[in-house]
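**Student:** take a look and give me a structure for this.
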Amino acid sequence: MKRFAAVFAAVISATSAHAAEPISISVAVSDQQVLVGESLTMQVRTVARVEGDIQVEIPRISGLVERSRSASEGTSISWSSRSKQQITREQTLTVELLANKAGTLTIPAIVARVGGTA
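**Tutor:** Modelled structure (predicted):
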């Protein structure tokens with residue numbers, strides 16, 4: 001008998017040390033259904049237009065075990081005569097997860113902060 005784990009999109013939250021500065025976060029999973037014992041990949045992408053490091057908090061997910069995590073980061077700086085300097089920070093976290101429980105699994109809130117300490 002095959003046992004499935006269905007994974008649903010995460011609730012996300014993003015805050016900035018500078019309230020007027022935009023920050024966005026998106027979450028994608030490689031598969032919506034996997035068999036127990038199979039892996040799936042979750043990518044958390046955060047983009048912020050403010051100076052400072054990006055901190056992302058990914059809570060434990062009941063029914064999924066984290067096997068590995070990697071991060072890539074980038075910074076771009078642009079100038080214009082009207083808006084002066086604009087810094088854009090981007091971070092992508094890639095998390096490999098193993099399903100160890102059958103049923104409907106929900107990814108809890110993922111929080112991203114930028115521009116200060118978490």
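**Student:** and for stretch 65-73, what's in contact with it?
**Tutor:** Stretch 65-73 has contacts (CB atoms under 8 Å, 6 or more residues apart in numbering) with 39, 54, 60, 89-98, 100. In this view, the C-beta of every residue, glycine as well, is placed from N, C-alpha and C.
**Student:** repeat that with 10 Å
**Tutor:** With contacts defined as CB atoms under 10 Å, 6 or more residues apart in numbering, stretch 65-73 is touched by 39, 41-42, 44-46, 53-54, 56, 58, 60, 89-101.
**Student:** so of these, which ones are in helices?
**Tutor:** Of these, none are assigned to helices by DSSP state H.
**Student:** heading C-terminal from the lowest-mean-pLDDT helix or strand in the chain, find the next helix or strand.
**Tutor:** The helix or strand of the chain with the lowest confidence, counting by mean pLDDT, DSSP states H and E, is strand 12-16 at a mean of 48. Per DSSP states H and E, strand 12-16 leads on to strand 23-29 as the next helix or strand towards the C-terminus.
**Student:** could I get the buried residue list for that following strand?
**Tutor:** Neighbour counts over strand 23-29 (16 or more other CB atoms under 10 Å) mark 23, 25, 27, 29 as buried.
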